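J.: prediction below, plus the sequence it came from.
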Amino acid sequence: MGKYIERRLFHSVFVVFGITLIIFLITNVIGDPVVLLLPPDATRADYELLRRELGLDRPLHTQYFIFLGNAVRGNFGKSFLFNKPCLSLVMEYLPATLELTVASMLIAVIVAIPLGIICAVKPYSILDRFGRVFGLLGQAAPGFWLGIMAILLFGVKLKWLPISGRGSFAQLVMPALTLGFFSMAAIMRLTRSSMLDVLNKDYIRTARIKGLPGKWIVLKHAFKNALIPVVTIVSLMLGRMLGGAVVTEIVFAWPGVGRLAVQAIYLRDFPLVQAVVFFNCIFFIGINLLVDILYIWIDPRITYEKKA
Amino acid sequence: MKKMVIFVGLFFVSSYFLPCAMAAPTGELVIINTTDCISMDPLVEWMTDGMVMMKQMYDHLIDFDEAGKIRYRLAISHKLVDDKTWHFKLRQGIKFHNGDPFTAADAKYSLDRILDPKMRCTYRARYLTFEQINVIDDHTLEIKTKIPDPIVLNRLAFFPRIVPKKYIEENGLDHFRANPLGTGPFKFVKWVPKGDLVMEANENWWGGTPKVKRLVFRSVPEMASRVSELQSGGAHIVTAVPAFMVTQLEKSKDLEVQSPTSLRVVFFTINTLTKGPLEDKRVRQALNYAVDKEAIIKGILKGRAIQTPTIVSTLAFGYDGTIKPYPYDPERAKALLKEAGYEKGFKLTVNSPSGRYPNDKEVAGAISEMLRKVGIDANLLIQEPGTYFAKYIKHELEGISLIGMGYLLYDVDSSYALLDPNNPYCHYHNPELYKMVQEAQAIMDHEKRKVVTSQLQKKMHEEAVLIFLYNQIDNYGVSKKVKGFKARPDDHMDLFGVSVEK
């Protein structure tokens, strides 16, 4: 296992390197940040001075190697817009994204997994039909629309919940539900189909014949065997959320990394875009590694060691 | 006699307590805008919404009132010693929020920061005429300019906010930015980046005690969410209400919409730097005749704009209201095109950013259609703002390009960038007009300057340097519980006298 983790971490370095190179190239060809940082009456001399101060007058490859050299030491440079270290900026916004992500995922998992199990155990029942419709709508409904509808109903019409900002539990409810809804639907559908697949297996039939209690069969035998795809999709959803649920954060004015990233992209704040992307990479890689380790715990037949 | 003495004594004793009891600030005012602060340092904070927030904590030496007139704040008078020397007498007895006294040294320090290239102030270009700032004594400041500059007062009113020199030098810039303090009517309490900026009333403010105890600013970029906050009662004032939502809000018994004329003027620049039809004045005039500005204002902007015949904001000094706008006359447009040799039309790109100005794409789309009706082969090209402006200043956008210009200096001076061949925003080079600009910039007498700027605007109009469109109108959603708030053309908010009913 140790060797496997070492191998994965080693490969991750190349993944991160490749992604930062791609993002660096993309951000540098999509526009000039200096234009957006100066007012219309700025002179050409002002543009050139700012370009020099931001290091944008250097050749592209020089800029990239400087960035890389600093990044490995944890220095992502200063944001063009905020004139503050990018690392500390990302850290400032990260707690809000973590709070929203954890809350959304908890809601999604707590609702989706039991619902998926029940739908699989009672296929084609009214509950199952409801579950399937819910799953379809949940994945089809755009987050933007869902958020605005929630605001209009719970915020404006019923006045049950505050609409924007962060600080109280009440302010977390709508954004967490909105962000969790898509994941909830996806996890529910996969749980259901995975459970259906397992429930048709011979060993489940054997367990029934042996007279084991139904709940025991479902939770101990079937669910554990159906867990691997569910864990996979939960990890993918988590990575997506941690990357910054941009739409949700903008609709609810949630002060997370997603909003920071959008502002950085609009204003061509290259160092900040690169810092945000770098952290997203690390999270994805970390989550994927954790999930791979979790697979071994779920299914002891899985091994990553190379066979002699 | 004895009774008189007792009465007078009681009167003075009670008058000591009475103002405190009457003026104690109460309540919380929640304001929602579109953009969060970048920093608590007013030097770094250059975006409009951020500047509005900074103004609550930091005072200017002078600023603009809601009509654009100069208003003394930390300065109480000024004197033009000679064409290049200004003296300002400063208010005495002012303290920063930490109790440190305000003196001319703080004013000098605050202005020097703007001029220092190392501080990377975005608006440094607007202060390049300032040569030196000197302290004459604790309450007298001297500003020396490199050349005669008739709008020194406007420059001081627009941006520079006074920060505490001693506090920053003792504690460092990072500490100041995390624990900001100024002399303003409100004191910093806390700021969650992209979250709430909270301030509380400075009961010792030199201008009096604010009526509201707590100010909360929050940025909500999404328009529907912003307006919903107002409708739900979660906010008291909301900025940037889109035109199509105004009628809905006005129907509510709890809300009102305040619509000040903005300082922003929207127009199309015409790129004459590339050889082609646009170099011909008749073609440029034809473009103006071909566009039905009133229809655009009525149909797309729902009446929330004012047609303007000139590039200058209707509220700025130097605006010439006697100029008649180009009327909508497609037949005249066709005649001019024919006269210029373009009876069969020509290819023209209509460039617009997406989402940079209210309804920018829609306006550009409508204008493209109007130009096609007079035979011009108009091709609409919408681009994301970052890409759009990068190409614009490199002169890569051929044809006509939609631009909005803010007159935050309340002066015609803001328009000169479009005629200055050294400025990347200039797509039209005319040495005669540029000479008039340089002449106007050197005239210190405002009445004489007005004559020259009026001639300049008339000439620009006759030359059809731009496709003149409209002066924006802004829309603020305001709860009827808010008393004393009046929306301003320059986006700023005078919140000192504003209160909130329970």
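T.: Ah, there it is.
J.: which SS state does the closest residue to residue B:152 other than its chain neighbours fall under?
T.: Here the nearest residue to residue B:152 in space, its sequence neighbours aside, is residue B:86; by CB to CB, 6 or more residues apart in numbering or on different chains that works out to 5.6 Å. C-beta here means a position set from N, CA and C on the backbone, and glycine is covered the same way. For residue B:86, the assignment made with DSSP: H, G, I helix; E, B strand; the rest coil gives strand.
J.: ok, now which ones touch residue B:86?
T.: Residue B:86 makes contact with B:78, B:79, B:80, B:142, B:143, B:144, B:145, B:152, according to CB atoms under 8 Å, 6 or more residues apart in numbering or on different chains.
J.: same check, this time on residue A:98
T.: The neighbourhood of residue A:98, defined by CB under 8 Å, 6+ apart, consists of residue A:242.
J.: name the residues of whichever strand or helix holds it that are buried.
T.: Applying DSSP states H and E as the criterion places residue A:98 in helix A:86-121. Neighbour-count burial for helix A:86-121, counted by 16 or more other CB atoms under 10 Å in any protein chain shown, picks out A:86-87, A:89-90, A:92-94, A:96-97, A:99-101, A:103-105, A:107-109, A:111-113, A:115-121.
J.: just stretch A:276-292 next, same as before
T.: Residues of stretch A:276-292 classed as buried under the neighbour-count rule (16+ other CB under 10 Å) are A:276-281, A:283-285, A:287-289, A:291-292.
J.: model confidence for the residue nearest to residue B:152, exactly?
T.: Per-residue confidence for residue B:86 comes out at a pLDDT of 97.
J.: okay, and the beta partners of it?
T.: Beta-bridge pairing for residue B:86 (DSSP bridges): residue B:80, residue B:143.
J.: neighbours around residue B:154, how many?
T.: 23 (other CB atoms under 10 Å in any protein chain shown).
J.: if we can go back for a sec, most neighbours, which of the contacts of residue B:86?
T.: Most crowded among the contacts of residue B:86, counting by other CB under 10 Å, is residue B:143 at 26 neighbours.
J.: now it: how far from residue B:78?
T.: 9 Å (CB to CB, to the nearest Å).
J.: next, show the common contact partners of these two.
T.: Between them, residue B:143 and residue B:78 have B:86, B:88 as joint contacts when contacts are counted by CB under 8 Å, 6+ apart.
J.: tell me who's in contact with residue 34.
T.: Because you didn't say which chain, this covers chain A. A:47, A:50, A:51, A:54, A:56.
J.: should've been chain B
T.: Counting by CB under 8 Å, 6+ apart, residue B:34 touches B:49, B:219, B:220, B:221, B:226, B:239, B:240.
J.: out of those, flag the one nearest to chain A.
T.: When the contacts of residue B:34 are ranked by distance to chain A (CB to the nearest CB), residue B:220 comes first, at 4.0 Å.
J.: the residue of the stretch 201-308 of chain A found nearest chain B: neighbouring residues, count only.
T.: Nearest residue of the stretch 201-308 of chain A to chain B (CB to the nearest CB) works out as residue A:255 at 3.3 Å. Residue neighbour count, defined by other CB under 10 Å, stands at 27 for residue A:255.
J.: thought residue A:51 was touching residue B:120, still the case?
T.: No. Applying CB atoms under 8 Å as the test, residue B:120 and residue A:51 come out as separate, 11.9 Å apart.
J.: mark which of the buried residues of stretch A:276-292 are part of strands, please.
T.: Helix and strand membership here follows DSSP state E; of the buried residues of stretch A:276-292, not one is in strands.
J.: of those residues, list those near chain B.
T.: Subset of the buried residues of stretch A:276-292 in contact with chain B: empty, counting by CB under 8 Å from any CB of the partner chain.
J.: now those residues in TSV, with pLDDT?
T.: Below are the buried residues of stretch A:276-292 laid out as TSV (pLDDT from 0 to 100):
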residue	pLDDT
A:276	89
A:277	86
A:278	84
A:279	84
A:280	84
A:281	83
A:283	83
A:284	84
A:285	84
A:287	85
A:288	84
A:289	84
A:291	85
A:292	84
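J.: wait, which of these is closest to residue B:485?
T.: Distances from the buried residues of stretch A:276-292 to residue B:485 were compared by CB to CB; the smallest belongs to residue A:276, at 37.4 Å.
J.: grab the nearest non-local neighbour of the closest one.
T.: Setting aside the residues directly before and after it, residue A:276 is nearest to residue A:261 in space (CB to CB, 6+ apart), at 4.6 Å.
J.: which helix or strand contains the one you found?
T.: Residue A:261 is part of helix A:257-266, with elements assigned from DSSP H and E.
J.: next secondary structure after the host helix or strand of residue A:205?
T.: In this assignment (DSSP H and E), residue A:205 forms part of helix A:202-209. The helix or strand immediately downstream of helix A:202-209 is helix A:214-216, counting by DSSP H and E.
J.: need the contact list for the closest residue to residue B:254 other than its chain neighbours.
T.: Leaving aside its sequence neighbours, residue B:254 sits nearest to residue B:480 (CB to CB, 6+ apart; 5.5 Å). Each residue near residue B:480 by CB under 8 Å, 6+ apart is listed here: B:253, B:254, B:255, B:256.
J.: circling back to that earlier point, now tabulate the buried residues of stretch A:276-292 in TSV and tack on distance to residue A:154.
T.: What follows is these, written out as TSV (distance: CB to CB, whole Å):
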residue	distance to residue A:154
A:276	30
A:277	34
A:278	36
A:279	32
A:280	30
A:281	36
A:283	30
A:284	32
A:285	37
A:287	31
A:288	35
A:289	38
A:291	34
A:292	39
